[in-house]
Structures are given as C-alpha cells and as structure tokens.
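**Q** Quick one, fold the following:
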Amino acid sequence: MLSLLFRKLIEQYWKRVPENERRVCIYKESCSKKVHSTLIVHGFYCGMTEYIHRKKSCRAGYKIIHEEGKITIITKNGLRLNENEINPLIVNEAKLKTNN
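**A** Purely as a prediction, here's the structure:
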C-alpha cells in the first residue's frame, strides 16, 4: 500500500513539473525514475532505501574528474560514479569543457 502511494506521488511530480523545469540529475537514470521502478519491483522498503541513497549522493557539491578521456563524478558523500552511470548531458558538457 505504501509503495503504491509513493509511486503515485512520483507520478504526480512527473505530471506537474515539466521535465525541462526539473533539476538535472547526475545519474543516467533520474532519481525519480529509479525510485519509482524500485518501488514497483522490490517494494516500499527497497524503494525508500534507494530514495535515501539518491538523496545523499545526488546533490550539489560533486566533483567532475577527467581521467584517460573518461568522465568520473565524485559525489559530496564520496560515491564514485563512472561515465556509464552519469547523465549524458553532464558527460557531454564536461567533455566540451575539456576540449575548449
């Protein structure tokens, strides 16, 4: 029941806040999509655990590192994201800055 409630809250967020007005998530799969899918597949407890994990790591204060032609993000809480886990918008922007 709680899983359904939180999924509906996320769906309302998607309806009310246009995608172009949302903050850009550092993850390839946005935080709301990841939590929503976790709620469906694994239920409330895992969904909330994923939400807390994302809330701690997906925020300002991360560092972008360029290593051997690849982009890595170190989050404020020390989590290391490889290029294949990072939002392509962030990867492309970081690579453009490197080439200029």
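**Q** which residues does the residue nearest the centre of the chain bridge with?
**A** Nearest residue to the geometric centre of the chain (C-alpha atoms, centre = their mean): Tyr27, 3.4 Å. Beta bridges link Tyr27 to Ile86, judged by DSSP bridges.
**Q** ok, it touching Lys55?
**A** No - Tyr27 is not in contact with Lys55 according to C-beta atoms under 8 Å; the separation is 12.0 Å. Where C-beta positions appear, they are placed from N, C-alpha and C, glycine not excepted.
**Q** Do a quick rundown of the strands in this structure.
**A** 63-67, 70-74, 80-81 (DSSP state E).
**Q** which stretches of this structure form helices?
**A** Taking DSSP state H to define them, one finds helices in the chain at 2-16, 31-42, 44-57, 88-99.
**Q** and the second one with helix 44-57, angle?
**A** I take that to be helix 31-42. In terms of direction (axes from the mean of the first three to the mean of the last three C-alpha atoms, to 10 degrees), helix 31-42 departs from helix 44-57 by 160 degrees.
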